[in-house]
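Trainee: 3D model of this:
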Amino acid sequence: MKLYYMPGACSLSPHIVALEAGLPLQLVRVDGKTKRTESGDDFLQVNPKGYVPTLQLDDGEVLTEGPAIVQYLADRNPASGLAPANGTLPRYHLQEMLGYINSELHKTYSPLFSPATPEPVRQERKEYLRKRYATLDAVLAKQEWLLGGQFTAADAYLFTVTNWARHVDLDLSEFESLTAFQQRVAARPMVQAAMEAEGLLRKSA
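Mentor: Sure, this is the predicted structure:
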């Protein structure tokens, strides 16, 4: 399988999930501006949407959208526990959480990365994010992971988007449980491996 990615972007989430599931993965870096891969291929020929993550299966089939990709990867190794079994209520809770992170957090960050966004809008978006994070902080105050005692694809997604906070000057230090969560995820060996592979961590000596 090939994962088309940009370092530190939302594609980090399926990258983590693939490693946690023990799945072989070929990384293909994409330039967000030129829409070209490192080898010069036209990324738009793979995914006309023009954004990552994009997963190309061994048979050439292409899957897009992070929440769909992480579930596909998790289902390749059910024993990993990264996604509850299909058809069960816990699986719908996973989809519920992935949807929340996708719509309420992920997309809210987008205008904060644009220098053209007016300051009043920027502040409104930050306050919106803090309110949404307060909900998740309350969940994490009661349990180690978003769905309880098992690390899942939802945790990889939350970790990924929350890492963006420092890049847009969003102070989340008030959320102690969220901060502890970020530290727990960052300490996982497969998370460190994914971040190192994307150049987000210095390689061990």
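Trainee: quick one: contacts of the longest strand along the chain?
Mentor: In the chain, with assignment by DSSP state E, the single longest strand is strand 26-31. With contact meaning CB atoms under 8 Å, 6 or more residues apart in numbering, strand 26-31 is reached by 1-7, 15, 36-38, 43, 52, 197-198. Quick note: C-beta positions are derived from backbone N, CA and C, even for glycine.
Trainee: same check on stretch 53-60?
Mentor: In contact with stretch 53-60 (CB under 8 Å, 6+ apart) are residues 1-5, 9-11, 13-15, 43, 46-47, 62-64, 66, 69, 72-73.
Trainee: pretty sure residue 94 contacts residue 81?
Mentor: No - at 10.9 Å, residue 94 does not count as touching residue 81 under the criterion of CB atoms under 8 Å.
Trainee: between the two, which one's more packed in?
Mentor: Using other CB atoms under 10 Å as the criterion, residue 94 and residue 81 rank with residue 94 on top: 23 against 15.
Trainee: now, of the contacts of stretch 53-60, which are buried?
Mentor: The neighbour count (16 or more other CB atoms under 10 Å) marks 1-5, 9-11, 13-15, 43, 46-47, 63-64, 66, 69, 72-73 as buried among the contacts of stretch 53-60.
Trainee: quick one on the thing from earlier: shared neighbours of residue 94 and residue 81, which are they?
Mentor: Common contact partners of residue 94 and residue 81 (CB under 8 Å, 6+ apart): residue 152.
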